[in-house]
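>>> build me a model:
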Amino acid sequence: MSTIILGIESSCDDTSAAVIKDGLLLSNVIASQKVHEEYGGVVPELASRAHQQNIVPVVDTAIRRAGISPSDISAIAFTRGPGLLGSLLVGTSFAKGMAIGLGCRIVDVNHLHGHVLSHFIRNTVTDRVPEFPYLCLLISGGNSQIILVNSPRDMQVLGQTIDDAAGEAFDKCAKVMGLPYPGGPHIDCLSQEGDPKRFKFAKPHIPELDYSFSGLKTSFLYTLRDNVKADPDFIENNKADLAASLQATIIAILLDKLDKAVKITSVKTVAIGGGVSANSGVRAAVADYCASHNLAAFIPERAFTTDNAAMVAIAGYFKYLDGDFCAMDAAPYARVSV
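Purely as a prediction, here's the structure:
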């Protein structure tokens with residue numbers, strides 16, 4: 001008998017549902033929320049309200065595209081955290097209600113585990129997946145971590161940011177430049193035309209494998225402040241070079257610690273995940289690093305870098321196979337580590 005998992009993701013501002021059958025992806029539907037753009041960031045109350053509007057049609061579309069009946073579902077996997085509590089409550093409550101109606105089990109998923117395991121999302125049985133153990137560089141707006149993945153149930157955080165995340169550095173520096181939210185993709189686009197060596201920004205000297213990006217943000221801000229005093233049009237006239245230099249600095253910080261982790265663990269496989277793994281510079285740098293060090297590289301499809309239910313479904317699939325189910329009174333949580 002086939003194992004069919006319905007995944008539900010609602011941790012931030014994307015409502016998503018996906019269906020996985022015996023480890024293969026049948027559908028993945030995402031409804032993004034444009035309402036936050038004018039505020040320059042996600043507004044939690046608006047996000048939870050939008051989830052309430054989107055979740056029924058999103059789940060219905062995912063089931064129909066998968067070509068299954070709700071009664072075929074073996075279990076419902078949902079993001080329990082970390083994330084915005086109001087948003088998580090929508091997905092959690094919907095999963096519980098639907099599971100009661102269908103008489104099936106529920107599986108809670110750590111959002112970060114979903115990103116780490118996104119490389120196991122397959123469209124066909126021949127799709128390539130990582131071999132354990134492997135290193136995963138998890139980089140997003142809220143997290144920057146280096147994780148040793150020994151199995152779907154055994155993950156060890158080797159290093160993490162002690163202040164800001166890489167994605168936060170991208171977005172906040174972009175905001176100072178006057179770029180729209182989210183700023184990361186705009187920095188990525190501008191950097192294609194800029195000189196990455198034009199400006200020098202501070203790099204942190206944090207011991208072991210931890211990251212820090214707060215100093216970089218301050219250095220970037222001071223560079224703009226000092227130059228704008230002399231030339232009010234400095235930002236506009238140097239946008240591409242500023243973006244390219246910022247992106248190059250962030251990539252250098254990320255790869256420095258990744259290289260140290262590879263040498264410490266002697267792993268032969270490196271993967272990246274999270275929203276920042278959609279950045280073209282990061283993707284190219286990691287691919288080049290792995291090629292030059294004879295390592296297997298796993299760069300996710302861009303559709304699986306941002307928040308999506310396919311990664312929740314595959315993480316839930318592994319937990320289902322282990323018989324690791326969730327109680328109906330389980331509450332979502334805002335903060336947690338891998």
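
>>> quick one: list the elements packing against the lengthiest helix in the chain.
Secondary structure assigned by DSSP state H gives helix 239-265 as the longest helix of the chain. On a contact count with 3 or more C-beta pairs under 8 Å, 6 or more residues apart in numbering; DSSP states H and E, helix 239-265 meets strand 134-139, strand 144-151, strand 154-160, helix 166-176, helix 184-191, helix 214-230, helix 280-292. The way it works is simple: take the backbone N, C-alpha and C, and place the C-beta from them, glycine included.

>>> now render the ones you listed as a markdown table, adding mean neighbour count, distance to residue 87 and mean pLDDT.
Listed next are the helices and strands packed on helix 239-265 as a markdown table, based on neighbours: other C-beta atoms under 10 Å; distance: least, C-beta to C-beta, whole Å; pLDDT from 0 to 100:
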| stretch | mean neighbour count | distance to residue 87 | mean pLDDT |
| --- | --- | --- | --- |
| strand 134-139 | 25 | 20 | 98 |
| strand 144-151 | 21 | 21 | 97 |
| strand 154-160 | 16 | 23 | 97 |
| helix 166-176 | 24 | 17 | 94 |
| helix 184-191 | 20 | 20 | 96 |
| helix 214-230 | 15 | 26 | 96 |
| helix 280-292 | 17 | 26 | 98 |
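
>>> the ones you listed into TSV, with extra columns for distance to residue 240?
Putting those into TSV (distance: least, C-beta to C-beta, whole Å) gives the following:
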stretch	distance to residue 240
strand 134-139	23
strand 144-151	25
strand 154-160	31
helix 166-176	13
helix 184-191	5
helix 214-230	14
helix 280-292	13
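
>>> quick one: closest of these to residue 251.
Proximity to residue 251 (C-beta to C-beta) singles out helix 280-292 among the helices and strands packed on helix 239-265, at 4.8 Å.

>>> what angle sits between the closest one and strand 134-139?
Here the directions of helix 280-292 and strand 134-139 differ by 160 degrees (axes from the mean of the first three to the mean of the last three C-alpha atoms, to 10 degrees).

>>> the helix or strand that comes right after helix 280-292 pairs with which strands, and in what direction?
Remark: after helix 280-292, the chain's next helix or strand is strand 296-298, criterion DSSP states H and E. Within its sheet, strand 296-298 is paired with strand 269-273 (parallel), according to DSSP bridges.

>>> now do the strand it pairs with: distance to the chain's middle.
12 Å (C-alpha atoms, centre = their mean, to the nearest Å).

>>> just the C-alpha atoms of that strand, please, in PDB.
Extracted in PDB, the C-alpha atoms of strand 269-273 (Å, rounded to 0.1, in the frame of the first residue of the first chain):
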ATOM      1  CA  THR A 269      29.000  15.900   0.200                       C
ATOM      2  CA  VAL A 270      27.900  19.500   0.700                       C
ATOM      3  CA  ALA A 271      24.300  20.900   0.300                       C
ATOM      4  CA  ILE A 272      22.700  24.300   0.700                       C
ATOM      5  CA  GLY A 273      19.200  25.200   1.700                       C
END
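
>>> average pLDDT for it?
Strand 269-273 comes out with an average pLDDT of 98.

>>> and the angle for it with strand 144-151?
Going by the same axes, to 10 degrees, strand 269-273 makes 130 degrees with strand 144-151.

>>> run the chain-centre distance for the longest helix of the chain.
Using C-alpha atoms, centre = their mean, the offset of helix 239-265 from its chain centre is 17 Å.

>>> do the same with stretch 164-184
16 Å.

>>> give me the residues contacting that stretch.
Contacts to stretch 164-184, defined as C-beta atoms under 8 Å, 6 or more residues apart in numbering, come from residues 36-37, 39-41, 139-144, 186-187, 190, 211-214, 216-217, 220-221, 224, 235, 239, 242-243, 246-247, 250, 253-254, 274-276, 278-279.

>>> give me the angle between the longest helix of the chain and helix 166-176.
Going by the same axes, to 10 degrees, helix 239-265 makes 170 degrees with helix 166-176.

>>> what's near enough to touch the residue nearest the centre of the chain?
Taking C-alpha atoms, centre = their mean, the centroid of the chain lies closest to residue 274, which sits 2.2 Å from it. Contacts here follow C-beta under 8 Å, 6+ apart; on that basis residue 274 touches 115, 138, 139, 140, 143, 167, 305.
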